[in-house]
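Engineer: what would the 3D arrangement of this be:
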Amino acid sequence: MKIKEFLLEFMLIFGIVFLVSAIVTFLYTLVVHGNPTADWQTAFQMAIIFAIVIPWMNRRKKPE
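Structural biologist: Okay, here's the model as predicted:
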C-alpha cells in the first residue's frame, strides 16, 4: 500500500510542478526575450526532482 500512496503523491506533485514550471518559463521568455515559448526541458526536470524529493521527505517525517 505504501508504494501505491507514493506513486499517487508522485503523480500529483509531478503534474502540479510541471504545469507551474511550464507557465513560469513561458511567461519568463515572453517578458524577457519577447519569445513566447515554454522551456519543456526545465519544466520536466523540475517536475521529476520535486516529485521524487517531496514524497520522500513526507515519508521520512511521518511516524510509522
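
Engineer: quick one, what contacts T29?
Structural biologist: 35-39 (Cβ atoms under 8 Å, 6 or more residues apart in numbering). Yep, even glycine has a C-beta here, placed from its N, CA and C like the rest.

Engineer: at 7 Å what do you get?
Structural biologist: 35-37, 39 (Cβ atoms under 7 Å, 6 or more residues apart in numbering).

Engineer: taking the residues you listed together, which two end up most distant?
Structural biologist: P36 and D39 (11.7 Å; Cβ to Cβ).

Engineer: more neighbours: which of the two?
Structural biologist: D39 (16 against 10; other Cβ atoms under 10 Å).

Engineer: run a quick neighbour tally on the nearest residue to that one once chain neighbours are set aside.
Structural biologist: In this structure, D39 finds its nearest non-sequential neighbour in T25, 4.0 Å apart by Cβ to Cβ, 6 or more residues apart in numbering. Residues lying near T25 (other Cβ under 10 Å) number 18.

Engineer: in terms of helices and strands, where is T25?
Structural biologist: Per DSSP states H and E: T25 is located in helix 2-28.

Engineer: and that helix, what does it pack onto?
Structural biologist: Under the contact definition 3 or more Cβ pairs under 7 Å, 6 or more residues apart in numbering; DSSP states H and E, helix 2-28 sits against helix 40-61.
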